[in-house]
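Asks: sequence plus predicted model, see below.
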Amino acid sequence: MQRPINVKPEHIVPFLEHIGVQTTRFERLDARAELEVADELLNQLGSLHPSLLYSVAECAGGALIAYNFDVSVYVPLIKTVSIRFLAPVVKKAIASAHIDEDTLQSALQQLQDTGRTDIETAVRVQNEAGITAAEINIVWSMRSMAPSAL
């Protein structure tokens with residue numbers, strides 16, 4: 001397998017850049033993304049719209065995928081998402097994503113053997129007070145761009 005190309009998600013997904021998401025930690029097993037709240041991102045209750053809590057979580061999870069897999073060779077697609085919304089965000093959303101070493105190694109091996117794998121990223125989004133605002137699990141389906149694996 002080729003060495004991954006470490007590209008931050010907001011540099012390849014225009015929507016993430018448009019809303020202002022920034023990857024602030026970009027490591028092998030952990031990543032962090034942040035979103036400063038702007039007035040145009042608020043819902044009718046004056047807090048960050050829930051879809052944007054998901055977006056910042058997707059960016060953090062996507063950073064782990066981009067760090068560990070060569071996204072110029074393997075297509076990462078979201079297969080399933082589960083979300084628990086727990087508290088509002090009014091100033092800043094901070095998403096921390098994690099993959100454990102065994103899960104990563106298993107996915108890398110399966111990808112090498114078959115050209116496809118699924119891998120889950122667990123993401124916790126906290127608000128500006130450090131309170132957990134959302135818990136999000138994203139299962140990414142990784143596929144080789146080679147025609148036989150699609």
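Replies: Yes, it's here. Numbers count the residues shown, from 1 in each chain.

Asks: which regions of this protein sit below the pLDDT cut-off?
Replies: 1-7, 146-150 (pLDDT under 70).

Asks: please save the CA atoms from the longest helix belonging to the chain in CSV.
Replies: Ranked by residue count, the top helix of the chain under DSSP state H comes out as helix 50-68. What follows is helix 50-68, C-alpha atoms only, in CSV (Å, rounded to 0.1, in the frame of the first residue of the first chain):
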residue,chain,number,x,y,z
PRO,A,50,-27.1,20.4,14.5
SER,A,51,-26.1,19.8,10.9
LEU,A,52,-22.9,21.8,11.6
LEU,A,53,-22.1,19.8,14.7
TYR,A,54,-22.1,16.8,12.3
SER,A,55,-20.0,18.7,9.8
VAL,A,56,-17.3,19.5,12.3
ALA,A,57,-17.3,15.9,13.5
GLU,A,58,-17.1,14.6,9.9
CYS,A,59,-14.1,16.9,9.4
ALA,A,60,-12.3,15.4,12.4
GLY,A,61,-13.2,11.8,11.4
GLY,A,62,-12.2,12.6,7.8
ALA,A,63,-8.8,13.9,9.0
LEU,A,64,-8.1,10.4,10.5
ILE,A,65,-9.1,8.8,7.3
ALA,A,66,-7.0,11.2,5.2
TYR,A,67,-4.0,10.7,7.5
ASN,A,68,-4.1,6.9,7.4
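
Asks: from the middle of its chain, how far away would whichever helix or strand comes after that helix be?
Replies: Under the assignment DSSP states H and E, the closest C-terminal helix or strand after helix 50-68 is strand 74-85. Strand 74-85 sits 8 Å away from the centroid of its parent chain (C-alpha atoms, centre = their mean, to the nearest Å).
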